[in-house]
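*Asks:* Need a 3D model of the following:
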Amino acid sequence: AEDLKEFFPATLELSLAAFLVAVLLGLPAGIWAALRQNRPPDLLVRLFALLLGSTPVFFLAIFLLDLLHRQMGLLPGPGRLDPYLIPPPRITGMVTLDALLVRDWVAFRDALLHLLLPAFVLGSASAALLARMTRAAMLEVLSQDYVRTAWAKGLSERRVVLGHALKNAALPILTLLGGLMGGLLSGAVLTETIFSWPGLGRYVTQSATSLDFPAVMGVTLLVGLVYSLLNLVVDLLYALLDPRIRYA
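*Replies:* A predicted model of the protein is given here:
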């Protein structure tokens, strides 16, 4: 329990950032591709989704780390914080949030910069999958009669897309988001290893190689609990998105 308390916040911080990257990249890209079906924007989104989804995580991580850190110096290297900085007081275990709570802006900026690259690497494959799922769900909805009626009534594109199409295409997207979040929280071994991120993925790998069975069992129980809670949240959100769904 002490080890999980130590390592899980780092994985939670990285997973939430990667989840945000996936949503911000994948959801708009999928909507844009569906609205421009078989046109250059659609082909471009599908090409990038194919590339991001098929690129191995270790290759993308090493390539971006070498390019953006070693050669160009735009982003810091591995780790959660510059070794010369004093870490903020541990409140939640997430460095960015702890620095924000104590208003240590120097540590917050440095922790945020350290988080950008591993979050993008971890969230890139999820963004590609989300873009393809969003595109497929939106295409199915955009061909429905009520959407064509909304266009014929002269409603704005924003209202038709967000108010009619996306809302009705949200259920399969929400299901995918729940699975993606669970997968991210279960530990990203390669990403955490390459970026020296002291999270759950590295911990369970080291525990397995050293035959630390209580640690492996503890991680397994935690991951199972996380998946169960996320599935419960997704099921409850179904009722909010679709008025036809009611839970007794």
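
*Asks:* Which positions within stretch 4-17 qualify as buried?
*Replies:* Leu4, Phe7, Phe8, Pro9, Ala10, Thr11, Leu12, Glu13, Leu14, Ser15, Leu16, Ala17 (16 or more other Cβ atoms under 10 Å). (Glycine included, C-beta is placed from N, CA and C.)

*Asks:* can you give me how far the helix or strand hosting the fourth one is from the chain middle?
*Replies:* In other words, Pro9. Assigned by DSSP states H and E, Pro9 belongs to helix 2-35. Put simply, helix 2-35 sits 2 Å off its chain's centre (Cα atoms, centre = their mean, to the nearest Å).

*Asks:* buried ones in the helix or strand following it?
*Replies:* Where DSSP H and E defines the elements, the next helix or strand beyond helix 2-35 is helix 40-54. Residues of helix 40-54 classed as buried: Asp42, Val45, Arg46, Phe48, Ala49, Leu52 (neighbour count, 16+ other Cβ under 10 Å).

*Asks:* Let me have those in TSV, adding distance to Ala127 and pLDDT as columns.
*Replies:* Shown next, in TSV, are the buried residues of helix 40-54 (distance: Cβ to Cβ, whole Å; pLDDT from 0 to 100):
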residue	distance to Ala127	pLDDT
Asp42	16	91
Val45	11	92
Arg46	13	92
Phe48	9	91
Ala49	8	90
Leu52	6	88
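
*Asks:* Pick the one among the residues you listed closest to Thr193.
*Replies:* Among these, Leu52 lies closest to Thr193 (Cβ to Cβ), at 20.2 Å.

*Asks:* contacting residues around the worst-scoring helix or strand of the chain on mean pLDDT?
*Replies:* Here the helix or strand of the chain ranked lowest by mean pLDDT, DSSP states H and E is helix 157-158, holding a mean of 80. Outside helix 157-158, the residues within contact range by Cβ atoms under 8 Å, 6 or more residues apart in numbering are Leu35.

*Asks:* repeat that with 10 Å
*Replies:* If you take Cβ atoms under 10 Å, 6 or more residues apart in numbering as the criterion, helix 157-158 is touched by Leu35, Trp151.

*Asks:* next one: it to chain centre, how far?
*Replies:* Distance, centroid of helix 157-158 to centroid of chain: 26 Å (Cα atoms, centre = their mean).

*Asks:* Check stretch 157-168 too.
*Replies:* How far stretch 157-168 lies from its chain's middle: 23 Å, per Cα atoms, centre = their mean.
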